[in-house]
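Prediction below, plus the sequence it came from.
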Amino acid sequence: EPEVTQTPSHQVTQMGQEVILRCVPISNHLYFYWYRQILGQKVEFLVSFYNNEISEKSEIFDDQFSVERPDGSNFTLKIRSTKLEDSAMYFCASSRPGLRINEQFFGPGTRLTVL
Amino acid sequence: GENVEQHPSTLSVQEGDSAVIKCTYSDSASNYFPWYKQELGKRPQLIIDIRSNVGEKKDQRIAVTLNKTAKHFSLHITETQPEDSAVYFCAASNYGQNFVFGPGTRLSVLP
């Protein structure tokens, strides 16, 4: 069964550095999402992406965040200048076309640690 | 915006007993309500969902009920097993877009 994949599984970075988190959504999916989960807390929506543009973003998704679909398979989340509070698990998700209501399938996550 | 509350935050049951987790939502426009199970260090996995035109849905030992008038929905797990132990998240969304998750319920099934 196809799955969403994410790389790396764990990223350690210094405060102020840029990081890029990568996701490969399920191949016939057209809607893509990023979520984050701070340790022990709930999953929080960051951004949704469809037809090569952001369709919705939360207040967490400020100017230091950006998303891109650089080719036909990858979907990336960039954090320009990381802060300590960006330490969290970041989940990518994707959903199928053709249904008005789309079930979202989550990747395994990237654990980001900002030192 | 949407706000989802979830209760209880922790739940311990004896193996074989039933478990019920309840969620409330605030936005009457929400029409899709998935439930995710997250085992320690793993990704959230969809276990069941319900759409607003349905009042109840069942899949083997798992069922979900929705009361649109009261804006609450519940997850019911019967005949619990140790492998049901996990954190369960409810969510609400409008047409499956921006999911707003509840804070989670840590379920422990005691042998």
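It's in. Residues are numbered from 1 along each chain as shown, chains lettered A, B, ... in the order given.

Low-confidence regions, chain A specifically.
Chain A contains residues with pLDDT under 70 at A:97-102.

and it, which of its residues are near chain B?
Residues of chain A found near chain B (Cβ under 8 Å from any Cβ of the partner chain) are A:31, A:33, A:35, A:41-45, A:48, A:55-56, A:58, A:91, A:95, A:99-109. Using the backbone N, CA and C atoms, a C-beta is placed for each residue, glycine as well.

Is there a quick PyMOL command that grabs whichever of the residues you listed are buried?
Buried subset of the residues of chain A next to chain B, written as a PyMOL selection, criterion 16 or more other Cβ atoms under 10 Å in any protein chain shown:
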select buried, chain A and resi 31+33+35+42+43+44+45+48+58+91+95+101+102+104+105+106+107+108+109
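
Give me the subset of the residues of chain A next to chain B that lies in strands.
Of the positions in the residues of chain A next to chain B, A:31, A:33, A:35, A:43-45, A:48, A:55-56, A:91, A:95, A:104-106 sit in strands, assigned by DSSP state E.

center of chain A - which residue?
residue A:34 (3.0 Å; Cα atoms, centre = their mean).

which residues touch it?
Going by Cβ atoms under 8 Å, 6 or more residues apart in numbering or on different chains, residue A:34 touches A:21, A:23, A:46-47, A:67, A:77, A:90-93.

what about the closest residue to residue B:80 other than its chain neighbours, which helix or strand?
In space, not counting the residues next to it along the chain, residue B:80 is nearest to residue B:109; the distance is 4.6 Å by Cβ to Cβ, 6 or more residues apart in numbering or on different chains. Per DSSP states H and E: residue B:109 is located in strand B:105-110.

Quick one: list the elements packing against that strand.
Packed against strand B:105-110 by the contact rule (3 or more Cβ pairs under 8 Å, 6 or more residues apart in numbering or on different chains; DSSP states H and E) you find strand B:10-14, strand B:19-25, strand B:86-92.

What residues of that strand count as buried?
Residues of strand B:105-110 classed as buried by neighbour count (16+ other Cβ under 10 Å): B:105, B:107, B:109.

before we move on, what about stretch B:61-74?
B:62-66, B:68, B:71-74.

Format those residues as CSV; extra columns: secondary structure and pLDDT.
Formatted as CSV, those follow (DSSP: H, G, I helix; E, B strand; the rest coil; pLDDT from 0 to 100):
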residue, secondary structure, pLDDT
B:62, strand, 97
B:63, strand, 97
B:64, strand, 96
B:65, strand, 96
B:66, strand, 95
B:68, coil, 92
B:71, coil, 95
B:72, strand, 95
B:73, strand, 97
B:74, strand, 98
